[in-house]
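> Sequence below, structure please.
(chains A and B)
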Amino acid sequence: MSETFDVTQELDVRGLNCPMPLVKSRKAVNALPVGGVLKVVATDRGSVKDFQAWAKTAKNIELVAQEETEQDGQTLYIHYLKRTS
Amino acid sequence: MSVQQPATVVARPVEEVYADLLANKVPVILDVRNADDFARWHIEGRQGTRVINIPYFEFIEDEEGSLAKVPTDAPVLVVCAKEGSSQFVAELLAERGIQASYLAGGINAWGNFYDVRPVLDAAYGRILQISRPARGDLAWLVVSDGEAAVIDPLRHIEHVNAVLEEENATLVHIFDTHVHADHISGGPALAREHRAPYYIHPYDAIHPLDMLPAKYEYVPLADNDTFTVGRFTVRVIWYPGHTLGQVNYLFTAPTGETFLFTGDGIFLQSFGRPDLGGRGEEWAPILYESMFEKLPRYITDETWILPAHFASLDEDDGQGRFYAPYGKVYETNTTLKEASQMSRDEFVAWILDNLPVFPEQYIEIKRVNIGISTPDEETASELELGKNICALADAYDE
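A predicted model of the protein is given here:
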């Protein structure tokens, strides 16, 4: 899925629990140019539903994709957030 | 309870929060999980507790707007999945002068919290209630002369073991009123650990939808079987309707006092629904006969009703104990009273018009409870998420 858009910046929030993945993502999106895409790499399973719900209500964020991958025996939850305005 | 310093937020242990819920001292719960998780299940207090849902990310997105939705006239208990987000929001509230605390361990701690308290303390024996308030599940332990029987034990058997140790009693009977569909029974595990017999009625040892037999050892019950537990005598009353093999256990003390463990028969409010086996139409008339024709022959207005579930904390006696004499249950249980005044045909029609949603996971839980499926801890926990919907009254809550 990540082929269809370019990632502007990557944010590593592995090991961080709620609410930090979202707090840091909000700050990072604010620093993006409009149209830019932030890739967030998280280990907190709760972030999947929270990012979906957050993107629905947030002012200038579109959740363009979510992925789940295994790495070193750990599940990674990857979110792609686009700054829309 | 806890020593509060100004502008700091306190993490409150779940035991303390439960005591405050019972004492009606939690005016506001602010649940900051996402709306879907909140809708699936959340902490419910007494009627006096206001529960509101504002996801934590809304505080991040629009701090002022979200804060404006929080009541400022009462202390607020903030709850999230684990703990982090509730602490985060509680601190925001405290900065604005709102008295805020958060639940230590989050909703997970609440889901796994068990409460144990005695309901009877007599010369001839004791009855203890083991409840899991998040689910509204109740198990009971009867102790007399060093012997104990457990009725409808829940999945986390360490709580039964702790009471047995404290009471210095040997577990002699493990009674399930029926094969449960809403939670995983601790019966087979207790039977293995204590080498005590595990009893169910054989009609419940067949999965009603799969039509497959149970794969563990159990002792089959028959109507009118009798047992003893110390100085109590126990009579099995076959009570089909919620399941085909449901029984009630009638305990009689040497004084003649009687205690009826009803399982998912009569609850303090409402009664067990007849449709969970997929045969509502056929089982509703049987339930009517069990509840209104058979059972009255065995009990009096003084007989204690001790059920396997409650739907609301307000069903208690004011002190977290979920039992009442039948005479009082009949007067306060409006669903039961209304039903008792119907003919059998009216009852069946009314039941079929009022069936609550059928929870899909109940099919799998029943498989687990007859030993034909064995979940790991995560799956077991997932299956048991949320509150039971065994009672007919839930139809009106949907």
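> Okay, now the unreliable bits of chain A?
Applying pLDDT under 70 to chain A picks out residues A:1-3.
> Swap in 50 and give it another go.
A:1-2 (pLDDT under 50).
> Kindly report the residues of it close to chain B.
A:17-20, A:22-23, A:26, A:46, A:49-50, A:52-54, A:57-59 (Cβ under 8 Å from any Cβ of the partner chain). (Each C-beta comes from the backbone N, C-alpha and C, glycine too.)
> Just the buried ones from those residues, in PyMOL syntax?
To isolate the buried ones among those in PyMOL, judged by 16 or more other Cβ atoms under 10 Å in any protein chain shown, type:
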select buried, chain A and resi 17+18+19+20+22+23+26+46+49+50+53+54+58
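> Which members of the residues of chain A next to chain B are positioned in helices?
Residues of the residues of chain A next to chain B located in helices (DSSP state H): A:20, A:22-23, A:26, A:49-50, A:52-54, A:57.
> that older thread, which among the residues of chain A next to chain B gets closest to B:R273?
Closest approach to B:R273 among the residues of chain A next to chain B (Cβ to Cβ): A:K49, at 30.4 Å.
> Skip the chain neighbours and tell me the closest residue to the closest one.
In space, and not counting its chain neighbours, A:K49 is closest to B:N34: 5.5 Å by Cβ to Cβ, 6 or more residues apart in numbering or on different chains.
> What's the local residue count around that neighbour?
Around B:N34 there are 24 other residues, counting by other Cβ atoms under 10 Å in any protein chain shown.
> hang on, isn't it packed against B:P55?
Yes: assessed by Cβ atoms under 8 Å, B:N34 is found in contact with B:P55 at 5.0 Å.
> Now the common contact residues for those two.
Both B:N34 and B:P55 are in contact with A:50, A:53-54, where contact means Cβ atoms under 8 Å, 6 or more residues apart in numbering or on different chains.
> Straight-line length of stretch B:252-272, end to end?
Stretch B:252-272 has an end-to-end distance of 24 Å (Cα to Cα, to the nearest Å).
> next one: stretch B:157-174
Per Cα to Cα, the first residue of stretch B:157-174 is 12 Å away from its last.
> Please report phi then psi for the most centrally placed residue in chain B.
Taking Cα atoms, centre = their mean, the centroid of chain B lies closest to B:D137, which sits 1.4 Å from it. Phi and psi for B:D137, reported as degrees, to the nearest 10, are phi -100, psi 140.
> For it, which residues are in contact?
B:131, B:154, B:182-183, B:308-309, B:388.
> Next one: it relative to B:V79, how far apart?
With distances taken as Cβ to Cβ, to the nearest Å, B:D137 is found 20 Å from B:V79.
> Ok, B:Q99 next?
Between B:Q99 and B:V79 the computed distance is 16 Å (Cβ to Cβ).
> more neighbours, those two?
Between B:Q99 and B:V79, B:V79 has the larger neighbour count (other Cβ under 10 Å), namely 26 against 17.
> Could you give the separation of stretch B:329-343 from the chain centroid?
On the basis of Cα atoms, centre = their mean, to the nearest Å, stretch B:329-343 sits 21 Å off its chain's mean C-alpha point.
> which ones are touching the residue nearest to B:C80 when sequence neighbours are not counted?
Among residues not flanking B:C80 along the chain, B:S86 sits closest, at 4.0 Å (Cβ to Cβ, 6+ apart). By Cβ under 8 Å, 6+ apart, the contact set of B:S86 is B:32, B:56, B:78-80, B:102-103, B:106.
> for B:E193, same thing?
Applying Cβ under 8 Å, 6+ apart, the residues contacting B:E193 are B:157, B:161.
> again, only using 7 Å
For B:E193, no contacting residues are found, by Cβ atoms under 7 Å, 6 or more residues apart in numbering or on different chains.
> How many residues are close by the residue lying closest to B:W140 once chain neighbours are set aside?
Leaving aside its sequence neighbours, B:W140 sits nearest to B:I151 (Cβ to Cβ, 6+ apart; 4.4 Å). Using other Cβ under 10 Å, B:I151 is surrounded by 27 other residues.
> partners of B:I151 in the sheet?
B:W140, B:F175 (DSSP bridges).
> mind checking the SS state of B:L21?
helix (DSSP: H, G, I helix; E, B strand; the rest coil).
> Close to chain A: what parts of the stretch 1-150 of chain B are there?
Residues of the stretch 1-150 of chain B lying near chain A by Cβ under 7 Å from any Cβ of the partner chain: B:34-37, B:55-58, B:60-61, B:80-82, B:84-85, B:88.
> Out of the residues you listed, list just those in strands.
Among the residues of the stretch 1-150 of chain B next to chain A, DSSP state E puts none in strands.
> now those: which count as buried?
For these, buried by 16+ other Cβ under 10 Å: B:34-35, B:37, B:55-58, B:60-61, B:80-82, B:84-85, B:88.
> Determine which two of the residues you listed are furthest apart.
B:E61 and B:K82 (20.7 Å).
> Adding pLDDT, write the contacts of B:S86 out as TSV.
Output for those, formatted as TSV (pLDDT from 0 to 100):
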residue	pLDDT
B:V32	97
B:Y56	96
B:V78	98
B:V79	97
B:C80	95
B:Y102	97
B:L103	97
B:G106	95
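> Return the member of these nearest to chain A.
Distance to chain A across the contacts of B:S86 (Cβ to the nearest Cβ) is lowest for B:Y56, with 5.1 Å.
> Pull up the gap between that closest one and B:P197, please.
In terms of Cβ to Cβ, B:Y56 sits 49 Å off from B:P197.
> Bridge partners for A:L81, pull those for me.
Per DSSP bridges, the residues bridged to A:L81 are A:L38, A:L63.
> thinking it is in contact with A:V29, fair?
Yes: contact criterion Cβ atoms under 7 Å: A:L81 and A:V29 qualify, at 5.7 Å.
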